[in-house]
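>>> Quick one, what's the 3D model for this:
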Amino acid sequence: VTTKPEPSSEPVVPTSPVTMAPDMYLKIRLSIGDATSDEKLPVNSLERIADVKERIRQNHNFGLSRIRMICCGKILNDKTAIKDAKIPKSFIVQVIVSTDLE
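This is a model prediction of the structure:
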């Protein structure tokens with residue numbers, strides 16, 4: 001007996017930034033130890049936080065598990081779409097990269 005899988009209640013969100021055209025800029029403050037730098041990343045509001053972390057990893061060659069994104073005092077969940085994170089306009093998202101000394 002074969003059964004059909006239950007349809008997911010979660011919307012299907014493409015996860016590849018290559019297939020989605022950017023529709024906004026995400027302002028980030030990258031903090032590595034005592035060093036910080038501000039960047040503007042072109043993103044699509046349907047991308048997940050995990051997609052943005054992957055792009056940061058590729059651009060800076062960090063281990064993905066070392067990256068934390070924080071907005072309004074809360075760590076952003078990897079599965080959350082950028083539009084659902086409700087990041088205030090012109091807000092700078094903190095990107096904390098842990099050191100290798102852990």
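>>> For this structure, just list every one of the helices.
For the chain, helices defined by DSSP state H occupy the ranges 49-60.
>>> List the contacts of the residue nearest the centre of it.
Nearest residue to the geometric centre of the chain (Cα atoms, centre = their mean): Ile49, 2.5 Å. Ile49 sits next to 69, 76-82, 85 when contact means Cβ atoms under 8 Å, 6 or more residues apart in numbering. Yep, even glycine has a C-beta here, placed from its N, CA and C like the rest.
>>> so what's Tyr53 scoring on pLDDT?
Careful, residue 53 is Lys; it's not Tyr. With respect to pLDDT, Lys53 has a value of 94.
>>> repeat for Gly63
Looking at Gly63, its pLDDT reads 85.
>>> distance of it from Ile56?
11 Å (Cβ to Cβ, to the nearest Å).
>>> Repeat that for Leu26.
On the measure of Cβ to Cβ, Leu26 and Ile56 end up 10 Å apart.
>>> higher neighbour count, those two?
More crowded of Leu26 and Ile56, by other Cβ atoms under 10 Å: Leu26, with 24 against 20.
>>> Quick check: that one touching Ser45?
No - between Leu26 and Ser45 there is no contact, the gap being 9.3 Å when judged by Cβ atoms under 8 Å.
>>> which neighbours do these two share?
Common contacts of Leu26 and Ser45 (Cβ under 8 Å, 6+ apart): Ile82.
>>> So what's the gap between stretch 51-60 and the chain middle?
Per Cα atoms, centre = their mean, to the nearest Å, the displacement of stretch 51-60 from the mean C-alpha position of its chain is 8 Å.
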